[in-house]
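> I'll drop the sequence and a predicted model, then ask my questions.
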Amino acid sequence: MRLVIGISGASGVWLGYKLLQILKSYTDIETHLVITEGAIKNFALETTLDIAEVLKLADFSYANNNLGALIASGSFTTDGMVIVPCSMKTLAGIVHGYAENLLLRSADVCLKEHRKVVLVPREMPLGKIHLQNLVKAAELNCVIIPPLLTFYNQDITVEQQINYILGKILMQFGLNYEKFIPWKGVNKVVIKCGYGSGKYRIISNCFLCGEDLNVSVVGGSKGHIGACAIAFLLGKNIEANLTVIDRHKEGALAEDTAKKLTSLFSCVATVSVGIHIDNAEKEEIELLVRNFEQCIKILIKKLRKII
């Protein structure tokens, strides 16, 4: 596969850099890069990257004023083009055929040769002219992927937001990205809760297994599984089996939580817990436990609404 990557002078040039990083990991993709003068300035403003670090990620790179470059001709075949980010000036140039530089000419070539053009427009709020130009771009068969936030995965970090946007771009060319988290349906991850901040944040994922519950709780600087408990009703009593890995100390949290869920919802409940901070002080451990307890309270509150 051969792709043209354009980085224009809108805010968000980091997205273009990250896309190039990903494409570099594919051995069968050849990339041709053009960066506008505005984008070069934004790399200096928004990142600590030297522009040479960006250029070396592409197999071929061209100056924006080089209208004699390979990608300026339709006889040089490619599989399409991505402009990320796409400024409103660049958008206007594309939809009005104003191919004054290599980036605009390359997009013009892809459109006339009926190749895919993906635009990642960065502007907020969008004015009437911007919206009209986006409609024109869509009518020219450009794919419009604004870098919008996603919320259905919940508790998502900035890095995950970026990975989601990049995954949506790569999907347009049939490329899978391992860090992209797709929609998995409403019946799989039922509830995701979080409490605390930074390395003291605790996150729980709850899966419904028929009438039973499967809960995973992680936190600290290193997610893992340190202990796992399963609680169940035996007559009128609640029994529990606990497995603790090596010298981990999450056993009591896992067992108490599993028993509590079984008691409240009369179900089988499995709870795995993995919370770790290197060389944690007593106060840090106490904070993590408090955050764990608050996270479970939030989970129970949400479960009561659906069970």
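Great, that's in hand. Numbers count the residues shown, from 1 in each chain.

> Have a look at this protein and report its longest helix.
Longest helix in the chain by number of residues, with DSSP state H as the criterion: helix 282-306.

> Next, the buried residues of that one.
Neighbour-count burial for helix 282-306, with 16 or more other CB atoms under 10 Å as criterion, is recorded at Leu287, Leu288, Asn291, Phe292, Cys295, Ile296, Leu299, Ile300, Lys302, Leu303. (Glycine included, C-beta is placed from N, CA and C.)

> Tell me the one among the residues you listed nearest to Gly174.
Of all those, Gly174 sits closest to Lys302, with 37.2 Å by CB to CB.

> which residues are contacting the lowest-mean-pLDDT helix or strand in the chain?
Taking mean pLDDT, DSSP states H and E as the measure, the chain has strand 189-195 as its least confident helix or strand, at a mean of 83. Defining contact as CB atoms under 8 Å, 6 or more residues apart in numbering, one finds that strand 189-195 is touched by 153-155, 201-208, 291-292, 294-295, 298-299, 302-303, 306.

> ok but Phe207 is inside a helix, no?
No: under DSSP: H, G, I helix; E, B strand; the rest coil, Phe207 falls outside any helix and is assigned strand.

> That one and Val271 touch, don't they?
No: between Phe207 and Val271 no contact is recorded; they are 11.5 Å apart, counting by CB atoms under 8 Å.

> Kindly point out which residues are neighbours of both of the two.
What both Phe207 and Val271 touch, as defined by CB under 8 Å, 6+ apart, is the set Val215.

> Between the two, point out the one with more neighbours.
Remark: of Phe207 and Val271, Val271 carries more neighbours, 30 against 15, as counted by other CB atoms under 10 Å.

> hey, what's that one bridged with?
Going by DSSP bridges, Val271 is paired in beta bridges with Val215, Ala229.

> what about it, distance to Ile238?
13 Å (CB to CB, to the nearest Å).

> Just the buried residues of stretch 157-177, please?
Those would be 161-171, 175, 177, for stretch 157-177 by 16+ other CB under 10 Å.

> can you list contacts of the helix or strand where His130 lies?
Using DSSP states H and E, His130 sits within helix 128-139. Residues from elsewhere that reach helix 128-139, judged by CB under 8 Å, 6+ apart: Met88, Leu91, Ala92, Ile94, Val95, Leu119, Pro121, Glu123, Leu126, Ile144.

> Export the residues you listed to a markdown table and append columns for pLDDT, distance to Ile7 and neighbour count.
Shown next, in a markdown table, are those (pLDDT from 0 to 100; distance: CB to CB, whole Å; neighbours: other CB atoms under 10 Å):
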| residue | pLDDT | distance to Ile7 | neighbour count |
| --- | --- | --- | --- |
| Met88 | 98 | 15 | 19 |
| Leu91 | 98 | 14 | 25 |
| Ala92 | 98 | 17 | 17 |
| Ile94 | 98 | 15 | 27 |
| Val95 | 98 | 19 | 21 |
| Leu119 | 98 | 12 | 25 |
| Pro121 | 98 | 13 | 26 |
| Glu123 | 95 | 16 | 16 |
| Leu126 | 96 | 20 | 14 |
| Ile144 | 98 | 17 | 15 |
